[in-house]
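A.B. asks: Sequence and predicted structure below; questions after.
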Amino acid sequence: MAKGYLSIILHAHLPYIRHPEHEHFLEERWFYEALTETYIPLIKAFRALARDGVGFRITLSLTPPLLSMMTDELLQKRYARHLEAMIELSRREMERTKGDGRFEGLTRMYHSAFTECRRIFRECGGDLTKAFKEFADRGQLEIITCAATHAFLPFFELYPEAVRAQIRVAVQTHKRILGRKPRGIWLPECGYYPGLDEILKEEGIRFFILETHGVLFGSPRPRYGTFAPVYCPSGVAAFGRDLESSKSVWSAEEGYPGDAVYRDFYRDIGFDLDYDYLKPYLNGDGVRVQTGIKYFRITGRTDQKEPYDPRAARDKAAEHAGNFMFNRERQVEHLSASMDRKPLIVAPYDAELFGHWWFEGPQWLEFLLRKIHYDQNIFKTITPMEYLDQYPRNQTVTPCMSSWGYKGYAEVWLNASNDWIYRHLHTATERMIASAKFYQKPSALERRALNQMARELMLAQSSDWAFIMKTGTHTDYAVKRTLAHLERFTRLWEALGKKLVDMDTLESIESKDNIFPQIDYRVYAH
């Protein structure tokens, strides 16, 4: 009998980026890279485990923007075009490096990987949500949701209608695409404030993930720390992140991903090779970009990088999986001696760490799940909902306001680089709530305008834009997106007030921001 449990939780999210007005758009590549380097490799790993009869349980949050992009026909076609270009580039690289013992094998590896991505993508009919749904139907995957557009909810505490709208639309989108209501939620940035759980309960959410200190600083102090869930006063369960298991994976300095044998993320042929050779495979504007073809390993703190050795990296991933498992065994054995229930270690990570940032991440995860299944009997993998089913009685605690951002609270999303956006977001939020309550019997055209206002507000509320402004990467794009959604919202709001809604203008906006096709503006009226 196992003495405890491990709950691995992956947060899969990207901001909603879709630009039909441009044939090629640089930031859409974020989505293509995530599919190629993270989501398809995860599907491949899960399929291999299922094929070999390896029992595993993983929790995966698929956010509404990501689900919407995965099911969007335009983006599916553009991703297929992107894959063909990468396959062609890798084929040319095989020819260019022929006879070069350092890189020839790597070019074959990349060509095979891109071809495999195409095969899996086609098997899913271009819709990867179907593959994830299959794992959920078999009980191997618990798919949870997130707020509709990943809004940092503590900043909208004064507007419960807006918070409720973010949660309700998320639940509706999850059910529409995946065929079932989610039982759990990954709060955007793990951002929690006391009372938020009441809204989660209204929408049928049973549990959420919380940063460590959100639980530890709760009132009263949790008896088992983060090694068992706590119930909020509403009865919704909070699962706190385990620091030890998390740090060993996500930290590039102290964790596994920084090992010298692993592939270096930053050295990419998109910046190393001749421009004219690469130009057909770059973005439409000719700007150099990451191609995903990288020939060097981390090596060390030096600009002189050694060639990447996939076999050595694979061996290291297996070694690190064994180390992680060993540490969790010792952790569970220690905890189980002083608890009246089997301890739970909650290990949440950004999904894109696996494959995109840490190339060997999906291999490591597959090795880990195999080792847990075959090589030990101290703990098992479990989902949060399964743990609640096994232990329905838990301590009641009011968690504190918290996030998993730098310093643990809200500084990442509220600082000198981005504080200017909130007075505009709050004004738009107030206008949306007032409009939803005012228009009881709108005309068909007014209803469409109100629904589009709801979409624009939600897209403007995305925490991604404030985060990008803080990090200083792609800042211009984040600013433009924030302003564009606010401007479209305001234009529609003013047109409604003057009873001058223009059909052509509305259709143009709808064609650009088509997320949440079934949205009802009245979600802001409650």
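C.D. replies: Happy to help now that I have it.

A.B. asks: Show me where the stretch 351-500 of the chain has its helices.
C.D. replies: Secondary structure of the stretch 351-500 of the chain by DSSP state H, counting those that start in this stretch: the helices cover 361-374, 384-390, 421-438, 444-460, 463-471, 475-497.

A.B. asks: export these to TSV and tack on mean neighbour count and distance to Asp259?
C.D. replies: Placement of C-beta: from N, CA and C, glycine included. Formatted as TSV, those follow (neighbours: other CB atoms under 10 Å; distance: least, CB to CB, whole Å):
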stretch	mean neighbour count	distance to Asp259
helix 361-374	22	11
helix 384-390	18	30
helix 421-438	18	39
helix 444-460	22	39
helix 463-471	22	25
helix 475-497	18	32
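
A.B. asks: In CSV: these, plus distance to Lys512 and mean pLDDT.
C.D. replies: Formatted as CSV, the helices of the stretch 351-500 of the chain follow (distance: least, CB to CB, whole Å; pLDDT from 0 to 100):
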stretch, distance to Lys512, mean pLDDT
helix 361-374, 34, 98
helix 384-390, 37, 98
helix 421-438, 17, 98
helix 444-460, 10, 98
helix 463-471, 16, 97
helix 475-497, 8, 98
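
A.B. asks: Can you say which of the ones you listed is nearest to Ala525?
C.D. replies: Closest of the helices of the stretch 351-500 of the chain to Ala525 is helix 421-438, at 4.0 Å (criterion: CB to CB).

A.B. asks: Not counting its own residues, what contacts the closest one?
C.D. replies: 155-156, 158-159, 161-162, 414, 450, 453-454, 457, 460-461, 465-466, 482, 486, 489-490, 493, 496, 521-525 (CB atoms under 8 Å, 6 or more residues apart in numbering).

A.B. asks: again, only this time at 7 Å
C.D. replies: Residues outside helix 421-438 that contact it (CB atoms under 7 Å, 6 or more residues apart in numbering) are 155-156, 159, 161-162, 450, 453-454, 457, 460-461, 466, 482, 486, 489, 493, 496, 521-522, 524-525.

A.B. asks: What residues does the residue lying closest to His13 once chain neighbours are set aside make contact with?
C.D. replies: Ranked by CB to CB, 6 or more residues apart in numbering and with sequence neighbours excluded, the top spatial neighbour of His13 is Thr63, at 4.2 Å. Taking CB under 7 Å, 6+ apart as the criterion, Thr63 is in contact with 12-13, 146, 150.

A.B. asks: which SS state does the nearest residue to Trp30 once chain neighbours are set aside fall under?
C.D. replies: Sequence neighbours aside, Leu14 is the residue nearest to Trp30 in space, at 6.0 Å (criterion: CB to CB, 6+ apart). Secondary structure, DSSP: H, G, I helix; E, B strand; the rest coil: Leu14 is coil.

A.B. asks: contacting residues for the closest residue to Tyr409 other than its chain neighbours?
C.D. replies: Nearest residue to Tyr409 in three dimensions, chain neighbours excluded: Ser403, at 6.1 Å (CB to CB, 6+ apart). Contact analysis of Ser403 by CB under 7 Å, 6+ apart lists 189-191, 211, 409-410.

A.B. asks: need these in TSV with neighbour count and distance to Val346, can you?
C.D. replies: Below are the contacts of Ser403 laid out as TSV (neighbours: other CB atoms under 10 Å; distance: CB to CB, whole Å):
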residue	neighbour count	distance to Val346
Glu189	27	17
Cys190	21	11
Gly191	28	17
Glu211	27	11
Tyr409	18	20
Ala410	19	22
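
A.B. asks: tally of neighbours for the nearest residue to Phe217 once chain neighbours are set aside?
C.D. replies: Distances taken as CB to CB, 6+ apart place Cys400 nearest to Phe217, at 4.4 Å, with adjacent residues excluded. When neighbours are defined as other CB atoms under 10 Å, Cys400 has 19 of them.

A.B. asks: ok, Cys400 touching Leu216?
C.D. replies: No: using CB atoms under 7 Å, Cys400 is not in contact with Leu216; the gap is 8.7 Å.

A.B. asks: Run a quick neighbour tally on the residue nearest to Trp30.
C.D. replies: For Leu14, the count of nearby residues is 22 (other CB under 10 Å).

A.B. asks: which residues touch it?
C.D. replies: Taking CB under 7 Å, 6+ apart, one finds 30-31, 34, 65-66, 69 in contact with Leu14.

A.B. asks: Out of those, flag the one nearest to Ser90.
C.D. replies: Nearest to Ser90 among the contacts of Leu14 is Ala34, at 18.6 Å by CB to CB.

A.B. asks: I figured the closest one hits Ala351, correct?
C.D. replies: No: judged on CB under 7 Å, Ala34 makes no contact with Ala351 at a distance of 8.3 Å.

A.B. asks: Make sure I have this right: Asp303 is in a strand.
C.D. replies: No: when three-state DSSP is applied, Asp303 is found to be coil, with no strand at that position.

A.B. asks: ok, now how distant is it from Phe296?
C.D. replies: Asp303 sits 10 Å away from Phe296, going by CB to CB, to the nearest Å.

A.B. asks: Looking at the two, which one has more neighbours?
C.D. replies: Counted by other CB under 10 Å, Asp303 and Phe296 do not tie: Phe296 has more neighbours, with 19 against 6.

A.B. asks: Okay, now the unreliable bits of the stretch 251-400 of the chain?
C.D. replies: Applying pLDDT under 70 to the stretch 251-400 of the chain flags no residue at all.

A.B. asks: ugh, wrong one, the stretch 1-150 of the chain
C.D. replies: If you take pLDDT under 70 as the line, the stretch 1-150 of the chain has no such spans.

A.B. asks: And the helices in it?
C.D. replies: Using DSSP H, counting those that start in this stretch, helices in the stretch 1-150 of the chain cover 29-34, 40-51, 64-70, 73-96, 104-123, 129-137.

A.B. asks: and of those helices, who's closest to Gly4?
C.D. replies: Going by CB to CB, the one of the helices of the stretch 1-150 of the chain nearest Gly4 is helix 40-51, 21.1 Å.

A.B. asks: Check what contacts that closest one and list those residues.
C.D. replies: Against helix 40-51 from outside (CB under 7 Å, 6+ apart): 56, 117, 120-121, 128, 131, 135, 140, 354-355, 362, 365-366, 369.

A.B. asks: Tabulate the CA atom coordinates of it in PDB.
C.D. replies: These are the backbone C-alpha positions of helix 40-51, laid out as PDB (Å, rounded to 0.1, in the frame of the first residue of the first chain):
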ATOM      1  CA  ILE A  40       2.300  17.600 -29.000                       C
ATOM      2  CA  PRO A  41       5.300  16.200 -27.200                       C
ATOM      3  CA  LEU A  42       3.100  15.800 -24.100                       C
ATOM      4  CA  ILE A  43       0.400  14.000 -26.100                       C
ATOM      5  CA  LYS A  44       3.200  11.800 -27.500                       C
ATOM      6  CA  ALA A  45       4.400  11.000 -24.000                       C
ATOM      7  CA  PHE A  46       0.900  10.300 -22.700                       C
ATOM      8  CA  ARG A  47       0.200   8.000 -25.600                       C
ATOM      9  CA  ALA A  48       3.400   6.000 -25.000                       C
ATOM     10  CA  LEU A  49       2.500   5.600 -21.300                       C
ATOM     11  CA  ALA A  50      -1.000   4.500 -22.100                       C
ATOM     12  CA  ARG A  51       0.200   2.100 -24.800                       C
END
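
A.B. asks: Tell me which residues of it come out buried.
C.D. replies: Buried residues in helix 40-51, counted by 16 or more other CB atoms under 10 Å: 40-46, 49.

A.B. asks: And stretch 177-194, by the same measure?
C.D. replies: Under the neighbour-count criterion of 16+ other CB under 10 Å, stretch 177-194 has 177-178, 182-194 buried.

A.B. asks: go on, stretch 49-64?
C.D. replies: Buried residues in stretch 49-64, counting neighbours by 16+ other CB under 10 Å, are found at 49, 54, 56-64.

A.B. asks: now, which of those residues lie within strands?
C.D. replies: Among the buried residues of stretch 49-64, the members falling in strands (DSSP state E) are 58-62.

A.B. asks: which residues touch the closest residue in space to Asn415 that isn't next to it in sequence?
C.D. replies: Closest residue to Asn415 apart from its sequence neighbours, by CB to CB, 6+ apart: Lys470 at 6.1 Å. Counting by CB under 7 Å, 6+ apart, Lys470 touches 412, 415, 417-418.

A.B. asks: I am finished for the moment; much appreciated.
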